[in-house]
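give me the fold of what follows.
(chains A and B)
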Protein chains: 2
Amino acid sequence: MPIIGIDLGGTKLAAAVFTEEGAILDEETVPLGGMMGAEVGALIALRIQKLIESSRVKGNEIRSIGISVPGIYYPKMGTVWAPNIPGWGNYRLLDEVKRIAGVIPICIDSDRVCYILGESWKGVAQQCDNAIFIAVGTGIGAGILADGRVLRGANNIAGAIGWMALERPYRAEYAHCGCFEHRGSGEGIAKLARETILATTGYEGILKDKDPQTITAHDVFQAGEMGDPVATTILNQCIELWGMAIANLVSLFNPAIIIMGGGVFGPAVKLLPAIRAEAAKWAQPISMSQVSIEASGLGNRAGLFGAGLLALQNSKPH
Amino acid sequence: MPIIGIDLGGTKLAAAVFTEEGAILDEETVPLGGMMGAEVGALIALRIQKLIESSRVKGNEIRSIGISVPGIYYPKMGTVWAPNIPGWGNYRLLDEVKRIAGVIPICIDSDRVCYILGESWKGVAQQCDNAIFIAVGTGIGAGILADGRVLRGANNIAGAIGWMALERPYRAEYAHCGCFEHRGSGEGIAKLARETILATTGYEGILKDKDPQTITAHDVFQAGEMGDPVATTILNQCIELWGMAIANLVSLFNPAIIIMGGGVFGPAVKLLPAIRAEAAKWAQPISMSQVSIEASGLGNRAGLFGAGLLALQNSKPH
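Residues are numbered from 1 along each chain as shown, chains lettered A, B, ... in the order given. The predicted model follows:
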């Protein structure tokens, strides 16, 4: 019996029907196009309804549904907190989907959990009981598989790696999103470039003709490849911070693999050898010798495959 | 049926017979007195033999044996690596104990795992599925209970928290034991005090009459309480580092409790409010609001109780 995986992002919705072996039978992606609140929930429900029906036409009843959300899911209440979707401060997604799904089981989880589940199912972490997915995009989060199970913590918010303390002393800028995310996220890279260029008198580098306020992390990577000194300094600092963060996860979790993904990896994949060398300086040496550090094997479909595995693992009706 | 718990330290051996409810029926501690290699193994076997016999005399057969070792246990080979016990680079402890125990099940694990098990059984982490014990002594290690299970990692060396990277840039001194342990362990505190005093011309503080080479962490705590400026600076740095390390564990694991133990906590227990305030600056704020940070409830018996729980959890013969 096939399963449905749904991956809700900040700007688009991906949906797929999988076989139990992970082959994709049907897949589609639609833009959110500025939708808000209940509209997004209705869009998800509609996609699910269409996939249930088109599957039924082919004689296949859907066995289970998995949904990846860009935020935190509170299973006791069935609600989602998703900061990038307006009106999803406390959105009752489970009720909305149940209305369509009827007796078909539904499982919802955060994107970072789905990323590591996806990689463990069909990506670079297959057969790994200890694997970590570091998602570096606008923010930074981690999905952690420890001794064969997703790490959840006392209140289901484990893996908030963006808050990792990596450099003394504390600075007020860290209060909003954490030390590591402030410096090592896509938004952190862009912000640091803007500030540095504005503060550099006589800056004549690659980005000199750009309005500093519009600089993105992507611009910084491009400028770095062309030898821009500001971009090079910022990216070297990122290599150091990403290396330290990886080292800390290696020493703490003794994982078999750490996977770098999200929009920044992406362009930062080229830096992986340098990041690995930095991590090797800091980490527990035996654990370091046992870990592989790799780019995502599924790219922007990691969350979709993870939603599929969520569905597969949760086939009991509620 | 009672169980035996054994806690091997670097300088002494503690042994106890517990009821299944955790009441101590019999307990004794003997110094190692410079014993090495197989002598230590023979001492453990002898203690176990005596406890089995004395229990039998009372009509109680021992159900299971648990042993805490100051290093790493390799379950596949039944060997222990314990750096502070001469000749225990790869010691076959399981075989030695089996000779005495016969069909009684034996379970061996590292001290840091036993500390958190002990606290979860009879200390301050009872009813906690997510709890971390940070042992700060000569070195630094952590025992981690995540979602109800001890975190082990791909090769059973998870929890090597002494290697945590907390301050850029990397320095060669970290190569031996890791950044956090180099600065935040008992040995790190003592070493930093020795170096600082030797480098301070005209030092007239509390420790001025002491041969710098003999200064211990205990001396630094005493001098700190008496207002010595060098000790105060070092302890303030420790508060910062311990706070950052706790914050990183809070953000990553979302635990219900973090327990500070080992020889340094001890005297550093007085600093817990300051350490908690430092951690609160850095950690994911929701997780931070949900965690309690406490001193060990069992003190130097955490490992002994942990060995007891090991025995209780492992009652199947091999």
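
A:Ile134 should be in a helix, yeah?
No: counting by DSSP: H, G, I helix; E, B strand; the rest coil, A:Ile134 is not part of a helix but strand.

what about it, distance to A:Asp109?
A:Ile134 is 17 Å from A:Asp109, where distance means CB to CB, to the nearest Å. For glycine as for every other residue, the C-beta is placed from the backbone atoms N, C-alpha and C.

helices and strands around the lowest-mean-pLDDT helix or strand in chain A, which ones?
Sorted by mean pLDDT, DSSP states H and E, the helices and strands of chain A end with strand A:72-74, the least confident at a mean of 92. Under the contact criterion of 3 or more CB pairs under 8 Å, 6 or more residues apart in numbering or on different chains; DSSP states H and E, strand A:72-74 touches strand A:79-81, strand A:106-110.

check the offset of it from the chain's centre.
Relative to its chain's centre, strand A:72-74 lies at 15 Å (CA atoms, centre = their mean, to the nearest Å).

that strand: which residues count as buried?
By neighbour count, with 16 or more other CB atoms under 10 Å in any protein chain shown as the criterion, the buried positions of strand A:72-74 are A:Ile72, A:Tyr73.

residues contacting that strand, please?
Residues from elsewhere that reach strand A:72-74, judged by CB atoms under 8 Å, 6 or more residues apart in numbering or on different chains: A:Thr79, A:Val80, A:Trp81, A:Ala82, A:Leu93, A:Ile108, A:Asp109, A:Ser110, A:Asn156, A:Ile157.

pLDDT at A:Lys316, what is it?
In this model, A:Lys316 is scored at 52, pLDDT.

again, but for A:Gly34
pLDDT for A:Gly34: 90.

neighbours of it, just the number please.
Counted with other CB atoms under 10 Å in any protein chain shown, residues neighbouring A:Gly34 total 8.

thinking again about what came up before, so of the helices and strands packed on strand A:72-74, which one's packed in deepest?
When the helices and strands packed on strand A:72-74 are scored by mean count of other CB atoms under 10 Å in any protein chain shown, the highest mean neighbour count falls to strand A:106-110 (a mean of 24).

show me what contacts the residue of the stretch 51-200 of chain A found nearest chain B?
Nearest residue of the stretch 51-200 of chain A to chain B (CB to the nearest CB) works out as A:Gly153 at 2.6 Å. Residues near A:Gly153 by CB under 8 Å, 6+ apart: A:Gly159, B:Asn130, B:Ala146, B:Asp147, B:Phe253, B:Asn254, B:Pro255, B:Ser287.

with those in mind, which one is nearest to B:Asp219?
Nearest to B:Asp219 out of these is B:Pro255 (CB to CB; 32.7 Å).

wouldn't the closest one be in contact with B:Ile293 here?
No: in this structure B:Pro255 lies outside contact range of B:Ile293 using CB atoms under 8 Å: 9.8 Å.

compare the two (neighbour count), which wins?
Neighbours of B:Pro255 and B:Ile293, each counted by other CB under 10 Å, are more numerous for B:Pro255; the result is 28 against 22.

how about the contacts made by that one?
Contacts for B:Pro255 were tallied using CB under 8 Å, 6+ apart; they are A:Gly153, A:Ala154, B:Cys128, B:Asn130, B:Ala131, B:Ile132, B:Leu249, B:Ser287, B:Val291.

in three-state terms, how would it be classified?
Following three-state DSSP, we place B:Pro255 in the coil state.

from B:Ser287, how far off is it?
B:Pro255 sits 8 Å away from B:Ser287 when distances are taken as CB to CB.

can you report how many residues lie near A:Glu61?
10.

my guess is it meets A:Ser55, correct?
Yes: using CB under 8 Å, A:Glu61 and A:Ser55 qualify as a contacting pair, with a distance of 7.2 Å.

ok, and the closest non-adjacent residue to A:Met244?
Closest residue to A:Met244 apart from its sequence neighbours, by CB to CB, 6 or more residues apart in numbering or on different chains: B:Ala165 at 3.9 Å.

got the phi and psi for the one you found?
The phi/psi pair for B:Ala165 (degrees, to the nearest 10) reads phi -80, psi 120.

same deal with A:Lys50?
Backbone torsions for A:Lys50, taken as degrees, to the nearest 10, come to phi -60, psi -40.

circling back to that earlier point, are any of the contacts of B:Pro255 buried, and if so which?
By 16+ other CB under 10 Å, the contacts of B:Pro255 give A:Gly153, A:Ala154, B:Cys128, B:Asn130, B:Ala131, B:Ile132, B:Leu249, B:Ser287, B:Val291 as buried.

how about JSON lines for those, with distance to B:Gly261 and secondary structure added?
Output for the buried ones among the contacts of B:Pro255, formatted as JSON lines (distance: CB to CB, whole Å; DSSP: H, G, I helix; E, B strand; the rest coil):
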{"residue": "A:Gly153", "distance to B:Gly261": "21", "secondary structure": "coil"}
{"residue": "A:Ala154", "distance to B:Gly261": "20", "secondary structure": "coil"}
{"residue": "B:Cys128", "distance to B:Gly261": "15", "secondary structure": "coil"}
{"residue": "B:Asn130", "distance to B:Gly261": "17", "secondary structure": "coil"}
{"residue": "B:Ala131", "distance to B:Gly261": "12", "secondary structure": "strand"}
{"residue": "B:Ile132", "distance to B:Gly261": "11", "secondary structure": "strand"}
{"residue": "B:Leu249", "distance to B:Gly261": "14", "secondary structure": "helix"}
{"residue": "B:Ser287", "distance to B:Gly261": "21", "secondary structure": "helix"}
{"residue": "B:Val291", "distance to B:Gly261": "16", "secondary structure": "coil"}
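
closest to A:Thr29 among those?
Once CB to CB is applied, the member of those that ends up nearest A:Thr29 is A:Gly153, at 31.4 Å.

in space, what's closest to that closest one - neighbours in sequence excluded?
Spatial nearest neighbour of A:Gly153, excluding adjacent residues (CB to CB, 6+ apart): B:Asn254 at 2.6 Å.

what's the pLDDT at that neighbour?
On pLDDT, B:Asn254 comes in at 98.

list the contacts of it.
A:152-158, A:160, B:130, B:284, B:287, B:290-291.

may I see these arranged in a markdown table, with distance to B:Gly66 as well?
Listed next are the contacts of B:Asn254 as a markdown table, based on distance: CB to CB, whole Å:
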| residue | distance to B:Gly66 |
| --- | --- |
| A:Arg152 | 28 |
| A:Gly153 | 27 |
| A:Ala154 | 26 |
| A:Asn155 | 31 |
| A:Asn156 | 32 |
| A:Ile157 | 33 |
| A:Ala158 | 28 |
| A:Ala160 | 34 |
| B:Asn130 | 22 |
| B:Gln284 | 35 |
| B:Ser287 | 32 |
| B:Gln290 | 31 |
| B:Val291 | 28 |
